[in-house]
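1. predicted model, plus sequence, below.
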Amino acid sequence: MVTRTVQEKLAILSDAAKYDASCASSGTSKRNSLDGKGLGSTEGSGICHAYAPDGRCISLLKILMTNFCIYDCSYCVNRVSSNVDRARFSVDEVVSLTIEFYRRNYIEGLFLSSGIIRSPDDTMLDMVRIVRKLRHEEGFKGYIHLKTIPDAAPELIEEAGRLSDRLSINVELPTDHAVAAYAPEKKPGQIREVMGRIRARKQAGKDKTHTGKRPPKFAPAGQSTQMIIGADGSNDATVLGQSTRLYSSYKLKRVYYSAFSPIPDASAKLPLIRPPLQREHRLYQADWLLRFYGFELGEITGVTADGNLDLEIDPKLAWALEHRGLFPLDVNTASREMLLRVPGFGVKTVQRIIGTRRTRTLRYEDLTRMGASLKKARAFITAVGWTPGGLTDSANLRARFAPPPEQLSLL
């Protein structure tokens, strides 16, 4: 086996970790090291975020412990049959990197995942050793997100939850059928069972004992999961339907959608269904509408005949264009539920509208100061000083928002 330096390993394993989608570094308990004990800190609202060039939130040192893997999942670049450069960190190397990156103020936390080496238990044990050493020997109090291996022993997952801020287990693909076809070594039933145990253990951590004391905190920032989209034929209605069930069943903090792009030697088996990054972006927007804006799944995915989201315009705008008879809304009298459905209005904007209109009548120019995107909203609202006239029902309204057609290159 090739001997690599730590820097070479870091280059390989940080690049390999980009396929693990997570910017979930918020929602944990508050800790700090201002008393001179330990290193690092978190705030109740989460650590500071940085953003990669592709827009992903990367506030953590985000690495794989190793990209060696005994599994052969068709969509994974690190599968056993893939011809990629391999590397593996030791426990001490990950600990040292985390501490050194923190001391240089590069990071405030760690996101750690791994391929499966030898066995799920052996892999999970090494990951737990890393977190245990950071917490107990280095006194590291920064944010830690640990990707959990569902096949591992329950006692290892239990310790991982006591030491980490957030745990996540990948459901892999939108349907059990797709998992069986493309990741036959993964067992959807077992994945869901472990997710259920994590939810139950986290809930139990909130209950006081007979002495009045609470048990040790368990994954205080909750659990999340990741779903590969575009590797199978599932439409967006299926993807979002699975996400809705996961949120409900396991009280997840977040479902992450990871756009699949065919790996050269797997492209024949896994056709690219739709443009991956744009689809990922629309799924995140739709996910937000389902969770915070009061939309139902059928409303969002029923706009098109095939159950897929419109890639050219965002899902709220797509819905509004299909339901123009409900608009325009008077911002001075419309309900909160309907205001949340106005394109260009976010939750905070709607809260400001409702708060302000209790004391005075809103004018059109007031909405700009409240953060509304009037470029989208003005066709769907009325206010003092503004009415859209025939704009709401105009035949070319969609064209105002959709990107112009591009001439495809012949080269």
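-> Looks like it arrived, so ask away. Numbers count the residues shown, from 1 in each chain.

2. assumed residue 258 was part of a strand.
-> Yes. Counting by DSSP: H, G, I helix; E, B strand; the rest coil, residue 258 is found in a strand.

3. how about residue 384, phi and psi?
-> Phi and psi for residue 384, reported as degrees, to the nearest 10, are phi -60, psi 120.

4. helix/strand/coil for residue 234?
-> Reduced to three states by three-state DSSP, residue 234 is coil.

5. show the contacting residues for the closest residue to it other than its chain neighbours.
-> Counting by C-beta to C-beta, 6 or more residues apart in numbering, residue 174 is the residue found nearest to residue 234 once chain neighbours are left out, at 4.1 Å. Placement of C-beta: from N, CA and C, glycine included. Contact partners of residue 174, counting by C-beta atoms under 8 Å, 6 or more residues apart in numbering, are 227, 229, 232, 234, 238, 239, 242.

6. can you list these in CSV and add neighbour count, pLDDT and secondary structure?
-> Below are the contacts of residue 174 laid out as CSV (neighbours: other C-beta atoms under 10 Å; pLDDT from 0 to 100; DSSP: H, G, I helix; E, B strand; the rest coil):
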residue, neighbour count, pLDDT, secondary structure
227, 21, 95, strand
229, 22, 92, strand
232, 22, 90, coil
234, 22, 94, coil
238, 18, 97, helix
239, 28, 97, helix
242, 19, 97, helix
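
7. what residues does residue 396 make contact with?
-> Contacts of residue 396 (C-beta under 8 Å, 6+ apart): none.

8. so how far is residue 317 from it?
-> Between residue 396 and residue 317 the computed distance is 14 Å (C-beta to C-beta, to the nearest Å).

9. over to residue 139?
-> Residue 139 is 49 Å from residue 317, by C-beta to C-beta.

10. next one: residue 197
-> Distance from residue 197 to residue 317, by C-beta to C-beta: 40 Å.

11. in the sheet, who's paired with residue 144?
-> Applying DSSP bridges to residue 144 gives these bridge partners: residue 110.

12. contacts for the helix or strand harbouring residue 14 next, please.
-> Taking DSSP states H and E as the criterion, the element that holds residue 14 is helix 6-16. Here helix 6-16 makes contact (C-beta under 8 Å, 6+ apart) with 4, 62-67, 77-78, 84-89, 93, 96-97.

13. buried residues, it. List them.
-> 9, 10, 12, 13, 16 (16 or more other C-beta atoms under 10 Å).

14. gap between the helix or strand following that helix and the chain center?
-> Downstream of helix 6-16, the next assigned helix or strand under DSSP H and E is strand 61-64. Computed by C-alpha atoms, centre = their mean, to the nearest Å, the chain-centroid distance of strand 61-64 equals 16 Å.

15. where does the stretch 51-200 of the chain dip in pLDDT?
-> 51-58 (pLDDT under 70).

16. which residues in it form helices?
-> Using DSSP state H, counting those that start in this stretch, the helices of the stretch 51-200 of the chain run over 91-103, 120-132, 154-163, 176-182, 188-204.

17. sorry, back to before: what about residue 139 and residue 317, which has more around it?
-> Per other C-beta atoms under 10 Å, whichever of residue 139 and residue 317 has more neighbours is residue 317, with 24 against 13.

18. hmm, that one is touching residue 375, no?
-> No. Assessed by C-beta atoms under 8 Å, residue 317 is found out of contact with residue 375, at 10.8 Å.

19. domain-wise, how is this protein divided?
-> 6-273, 315-401 (automatic domain parsing).

20. what's the closest of the ones you listed to residue 296?
-> domain 6-273 (9.4 Å; C-beta to C-beta).

21. distance of residue 318 from residue 385?
-> For residue 318, the distance to residue 385 - C-beta to C-beta - is 28 Å.

22. same question, residue 290
-> Relative to residue 385, and taking C-beta to C-beta, residue 290 is found at 34 Å.

23. these two: who's more crowded?
-> Taking other C-beta under 10 Å, residue 290 and residue 385 do not tie; residue 290 has more neighbours (19 against 10).

24. pretty sure the more buried one contacts residue 239?
-> No. Taking contacts as C-beta under 8 Å, residue 290 lies outside contact range of residue 239: 11.5 Å.

25. now residue 119: how far from residue 164?
-> Residue 119 is 21 Å from residue 164, by C-beta to C-beta.

26. my bad, should have said residue 9
-> According to C-beta to C-beta, residue 9 and residue 164 sit 22 Å apart.

27. can you check residue 63 too?
-> 15 Å.

28. likewise for residue 108?
-> Between residue 108 and residue 164 the distance is 15 Å, computed by C-beta to C-beta.

29. the two: who's more crowded?
-> residue 164 (28 against 23).

30. residues in contact with the more buried one?
-> 131, 144, 145, 146, 219.

31. can you list the low-confidence ranges for the stretch 201-350 of the chain?
-> Using pLDDT under 70, the stretch 201-350 of the chain drops low at 208-212, 261-275.

32. all helices of it, in order?
-> Applying DSSP H, counting those that start in this stretch to the stretch 201-350 of the chain gives helices spanning 236-250, 276-292, 297-301, 315-322, 336-339, 347-357.

33. so how far is the third one off the chain centroid?
-> The reference is to helix 297-301. With C-alpha atoms, centre = their mean, you get 20 Å for helix 297-301.

34. what lies in contact with that helix?
-> Outside helix 297-301, the residues that touch it by C-beta under 8 Å, 6+ apart are 235-237, 240-241, 244, 286, 289-290, 307-309, 315, 319.

35. kindly report the same for the fifth one.
-> Contacts to helix 336-339, defined as C-beta under 8 Å, 6+ apart, come from residues 294, 326, 329, 331, 345, 350, 353, 354.

36. dump the C-alpha coordinates for it into PDB.
-> Provided in PDB are the C-alpha atoms of helix 336-339 (Å, rounded to 0.1, in the frame of the first residue of the first chain):
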ATOM      1  CA  ARG A 336     -50.900  35.000   7.400                       C
ATOM      2  CA  GLU A 337     -51.400  31.600   5.700                       C
ATOM      3  CA  MET A 338     -52.100  33.300   2.300                       C
ATOM      4  CA  LEU A 339     -49.300  35.900   2.700                       C
END
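
37. now do the buried residues in that helix.
-> Quick answer for helix 336-339 (16+ other C-beta under 10 Å): 338, 339.

38. the last one too?
-> Under the neighbour-count criterion of 16+ other C-beta under 10 Å, helix 347-357 has 349, 350, 352, 353, 356, 357 buried.
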